[in-house]
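Enquirer: pasting the sequence and the predicted coordinates here, then a few questions.
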Amino acid sequence: MTLISINNTPGYSCGSEAVSVIKTGEWRFVTPVKIDGLSPCRQDCPLGSSIPNWLDAVKRDDWAGAWEILSKTNPFPALTGHVCFNPCTINCNRRQIDQEIDIPGLEKAIGRWREKNYRPLNKKKPARGKVAVVGAGPAGLSCAYYLNKAGYELTVYEKSASIGGVPALGIPRYRLPEEVVRREAEMLREDGVSFVLNSALGRDFTLEDLYGVHDRIFLAIGAWVPRKAQIPGEEADGVRAALEFLENCNRNAVKNVKGMVVVIGGGNAAIDSARSALRLPDVSGVTLLYRRSREEMPADQREVAAAEEEGVNLIFNAAPREIKVNEGRACSIDFNHSRSAAGELVVDPKQKGSLECDTIITALGHEPDYTALGVMKTPGVVLAGGDLTGGPANVPEAIRTGRVAAEAIIGQLEGVSGQDPEKISNKAVTFEQLNLAAAGVLQKCGRQEDPRQEAERCLGCGSCNSCGVCYTFCPDLAVNTMNGRFELNLDYCKGCGICVTECPARALLMEGGRRW
């Protein structure tokens, strides 16, 4: 064993440092180790975000640290905090006590902090390469963010006059304020990303044109071509596609939408269209027709409930049959009763219904304009992501594909293997596995308005949440505090394992052998 004189012992105190002069760590045969376990929120997050880790940073008032952790997987928390449907909260273990953590609210708080403390990137070194991104939606902007941060020269081409894609054009302002998307675009510009607006692939330039002056191309043109209902009368006046309608709503350019409105579809765009139509001054009522049951609706059920509370009439198991036309304009819609059987839609022609209406909005999905891609005669590498590869998806999924594309481009151009920080493969920590008794009696409480207090409600679930139980129970004072975090001092750890047994979040485990 090693003996150290008490006098002049570095760091000796009666507080956080060990008072023993004997380095009992030399006795250790097994070692406690911090782990980064899989929490239910991280498992369910489309971005694979280390949610408990950045929540812990918020709890410690370390906003810079929270942004650093979160931005590794999500550079636009202000955006996702507004529009993500939050699958991360569905299985939150805190729900077993009172209420799930307000993860989207805390994402917004980090987004606000980032905007307030934003400083443009200092890019003095020559660019590591030139990359063209086609499409300024979430996937394209995500790819541009990560490549620009890595030192590449980025040019983003966008066919519309706005930056942001569906969030800017197709998500209602009551869900996503305009200034959120605008500020994200401004920060990207200030960081050095170039944007060429009103410039469409296949109309104003070709892939061949881009590849001649760029090292790589990332295609994220989105899915904007509306699918047809394939029923008589759908070409009549008064029938319009959901994204076009929502874009006009955001531009305050809606015309001739009044009286009774019928929305066809069961996705989020259908719900957004119904709720937006209900807000128009000349609309007297809105009915949504969906061909399957409520339980089978792909739309977020919270949004469905909100639409119903606002006054949208929902009719399920109704398959549109024909749009009736009077003097060139849609005046009613006929439908049949339908049901699902073994995954197939079965329509009963004998059970019929009809609704009079003044406007019909079709929200049956969209697909990319593949004709815009053209043909590349010159051999080259083109990557694609977002809606172009996986079909219409949500904003977090699009952001992830942009990040993965950026990592792939860096790997290709620099000969390194980039890895997408996907979800950990092991099972998520369950509520029953947590050792909450060690942390004392947890007081039931609802969500807190203060972000730090709300973050303190997080149970950690596989990750250290700075609760201090290991510090309290360690018999050898082998746990130190540093900037609000608790760290193991292996000089004095005998490997008794009490910290592992008592850890509420199950963020420690014992490994065989002595480690220094």
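Expert: All right, it came through fine. Numbering: from 1, shown residues only.

Enquirer: chain center to stretch 22-31: distance?
Expert: 44 Å (Cα atoms, centre = their mean, to the nearest Å).

Enquirer: just the CA atoms of that stretch, as CSV, please.
Expert: Written as CSV, here are the backbone C-alpha positions of stretch 22-31 (Å, rounded to 0.1, in the frame of the first residue of the first chain):
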residue,chain,number,x,y,z
ILE,A,22,-4.2,5.1,2.2
LYS,A,23,-4.9,4.6,-1.5
THR,A,24,-7.3,1.8,-1.0
GLY,A,25,-7.8,1.6,-4.7
GLU,A,26,-4.8,-0.8,-4.8
TRP,A,27,-7.0,-3.4,-3.0
ARG,A,28,-9.6,-3.3,-5.8
PHE,A,29,-10.3,-6.4,-7.9
VAL,A,30,-13.5,-5.1,-9.6
THR,A,31,-14.2,-1.5,-10.7
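
Enquirer: report the buried residues of that stretch.
Expert: 23-25, 28, 30-31 (16 or more other Cβ atoms under 10 Å). Where C-beta positions appear, they are placed from N, C-alpha and C, glycine not excepted.

Enquirer: out of those residues, which one sits closest to residue 182?
Expert: residue 31 (51.1 Å; Cβ to Cβ).

Enquirer: related to what we said a few turns ago, farthest-separated two in the buried residues of stretch 22-31?
Expert: 23 and 30 (16.7 Å).

Enquirer: quick one: which of the buried residues of stretch 22-31 sit in helices?
Expert: The members of these all map outside helices under DSSP state H.

Enquirer: strands - which of those residues land there?
Expert: 30-31 (DSSP state E).

Enquirer: let's have the buried residues of stretch 22-31 in a markdown table, adding distance to residue 159.
Expert: Output for the buried residues of stretch 22-31, formatted as a markdown table (distance: Cβ to Cβ, whole Å):
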| residue | distance to residue 159 |
| --- | --- |
| 23 | 67 |
| 24 | 68 |
| 25 | 63 |
| 28 | 63 |
| 30 | 61 |
| 31 | 57 |
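
Enquirer: list just the nearest of the buried residues of stretch 22-31 to residue 401.
Expert: Nearest to residue 401 among those: residue 31, at 39.6 Å, using Cβ to Cβ.

Enquirer: so the residue sitting nearest the centre point of the chain versus residue 219, what's the distance?
Expert: By Cα atoms, centre = their mean, the chain has its centre lying nearest to residue 396, at 3.1 Å. In this structure, residue 396 and residue 219 are 20 Å apart, going by Cβ to Cβ, to the nearest Å.

Enquirer: before we move on, what about residue 80?
Expert: Taken as Cβ to Cβ, the span from residue 80 to residue 219 is 22 Å.

Enquirer: same question, residue 405
Expert: Counting by Cβ to Cβ, the gap from residue 405 to residue 219 is 9 Å.

Enquirer: thinking again about what came up before, name the element the residue nearest to the centre of the chain belongs to?
Expert: Assessed by DSSP states H and E, residue 396 sits inside helix 395-414.

Enquirer: how about the CA coordinates for that helix, as CSV?
Expert: Extracted in CSV, the C-alpha atoms of helix 395-414 (Å, rounded to 0.1, in the frame of the first residue of the first chain):
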residue,chain,number,x,y,z
VAL,A,395,-39.1,16.4,-39.7
PRO,A,396,-36.8,14.5,-37.3
GLU,A,397,-36.4,11.6,-39.7
ALA,A,398,-35.5,14.1,-42.5
ILE,A,399,-32.9,15.8,-40.3
ARG,A,400,-31.4,12.4,-39.5
THR,A,401,-31.0,11.5,-43.2
GLY,A,402,-29.2,14.8,-43.8
ARG,A,403,-26.8,14.1,-41.0
VAL,A,404,-26.1,10.6,-42.2
ALA,A,405,-25.5,12.0,-45.7
ALA,A,406,-23.0,14.5,-44.4
GLU,A,407,-21.1,11.8,-42.5
ALA,A,408,-21.1,9.7,-45.7
ILE,A,409,-19.8,12.6,-47.8
ILE,A,410,-17.0,13.3,-45.3
GLY,A,411,-16.1,9.6,-45.3
GLN,A,412,-16.0,9.4,-49.1
LEU,A,413,-13.9,12.6,-49.6
GLU,A,414,-11.5,12.0,-46.7
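
Enquirer: now it: buried residues?
Expert: Residues of helix 395-414 classed as buried by neighbour count (16+ other Cβ under 10 Å): 395-410, 413.

Enquirer: tell me where the stretch 151-300 of the chain has strands.
Expert: With DSSP state E, counting those that start in this stretch as the criterion, the stretch 151-300 of the chain has strands at 153-157, 194-196, 216-219, 225-226, 239-241, 259-264, 283-289.

Enquirer: and the angle for the helix or strand just after the last one with strand 259-264?
Expert: Sequence-wise, the next helix or strand downstream of strand 283-289 (DSSP H and E) is helix 301-310. With axes from the mean of the first three to the mean of the last three Cα atoms, to 10 degrees as the basis, helix 301-310 and strand 259-264 are set at 160 degrees to each other.

Enquirer: circling back: just checking, what packs against the helix holding residue 396?
Expert: Where contact means 3 or more Cβ pairs under 8 Å, 6 or more residues apart in numbering; DSSP states H and E, helix 395-414 is packed against helix 77-83, helix 138-149, strand 216-219, strand 382-384, helix 387-390.
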